[in-house]
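Asker: I would like the atomic coordinates for the input below:
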Amino acid sequence: MKDLHIRYFVPESTLKEMSAYYPTVIGHLTGGGQSHYRFPANYLCPHILVSGEGILKLGNREVRLKAGDMFTIWPGQLMDYREDPSNRWKFYYMHVRGEQNLNFARACGFSENRMWFTPDNPEKAKEVFAGIFELCKNPRENLEYAIMALFNRLPDACREQPEKLRSKPFKNLIENAVSLIGSASHQGINISELSEILEVDRSTLFRKFRRQLGMTPVEYLNRHKITRAGELLRTTEYSVKDIARMCGFSSEKYFFKRFKQLTGATPSEFRRGTS
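Answerer: Predicted structure coming up:
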């Protein structure tokens, strides 16, 4: 019986602009009883077993894998892994690329000498893989940001934070929000979409922004949009109307108002350098 293999490609072009590491493929495999893979790898590909058992061969050593365990294909390493035919496996996997992809792997707990382990929170780790799989299976608006919000949770699921950091549960929330705003501020993301992607209600998001950054998420988002607009005004010949639209402002009048409020100049004055 053949393996049942389903995979989806992640929209790589946008993710390259968002992060130095990102998933490009997400897949799910159900073993047919004789599932066996052996090849020299040239990419990073973490896996997590959902059910069943398998065997990972590392040189002369064989490691038995069980549900909840993770292992990875590591660039430059000969990989050999197979399922236990008496307990067929199911697993998710992701291809991870980008110039910092190995640093991401190490943040999860992998290394050249540690190709497999049981994550501290296997269920949360499974949720990351399953969540990205479902997002790619049923794409929606702001897909890339939702994928990255999930993807960046994997290191925490693999390696639980020390107790002293758990007392600050919203630290990563603000870091993720700031990262998403920084990568998406010129593409029209709004606070409702940001709340949905981060899976937090608006009131909590506003409260944490005020407490940690001294401003609301709306103010922070607008500052990023205006900064981006200023860069476009100085370095391109796009019209002011086009730049307002490119930076996520639906109203040119509102863009003028916010731009002058934050920079002290109109967009035209700023472009001419007469502010």
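
Asker: Going by C-alpha atoms from here, please, whenever you check contacts or count neighbours.
Answerer: Fine.

Asker: who's in contact with D156?
Answerer: By C-alpha atoms under 8 Å, 6 or more residues apart in numbering, the residues touching D156 are C108.

Asker: now A157
Answerer: Residues in contact with A157 (C-alpha under 8 Å, 6+ apart) are 119-122, 124-125.

Asker: how many other residues sit next to F110?
Answerer: Neighbour count for F110, taken as other C-alpha atoms under 10 Å: 21.

Asker: pretty sure it contacts T118?
Answerer: No - checked against C-alpha atoms under 8 Å, the pair F110 and T118 is beyond contact range at 10.8 Å.

Asker: check contacts around F129.
Answerer: Going by C-alpha under 8 Å, 6+ apart, F129 touches 26, 48, 92-94, 151.

Asker: Now go through the residues you listed and say which are in strands.
Answerer: Of these, the ones assigned to strands by DSSP state E are 26, 48, 92-94.

Asker: Helices of the protein, residue ranges please.
Answerer: For the chain, helices defined by DSSP state H occupy the ranges 12-18, 101-108, 122-137, 143-151, 154-158, 163-166, 171-184, 191-198, 202-213, 217-235, 240-246, 252-263, 267-272.

Asker: quick revisit: in a markdown table, list the contacts of A157 along with distance to D84 and neighbour count.
Answerer: Listed next are the contacts of A157 as a markdown table, based on distance: C-alpha to C-alpha, whole Å; neighbours: other C-alpha atoms under 10 Å:
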| residue | distance to D84 | neighbour count |
| --- | --- | --- |
| P119 | 21 | 23 |
| D120 | 24 | 16 |
| N121 | 24 | 15 |
| P122 | 20 | 19 |
| K124 | 25 | 17 |
| A125 | 22 | 25 |
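
Asker: ok, so of the residues you listed, who is nearest G68?
Answerer: P122 (5.1 Å; C-alpha to C-alpha).

Asker: Next one: the closest one relative to T216, how far apart?
Answerer: Distance, P122 to T216, by C-alpha to C-alpha, to the nearest Å: 35 Å.

Asker: Low-confidence regions, the stretch 151-275 of the chain specifically.
Answerer: Within the stretch 151-275 of the chain, the ranges that satisfy pLDDT under 70 run 160-171, 183-188, 274-275.

Asker: Right, I'll leave it there.
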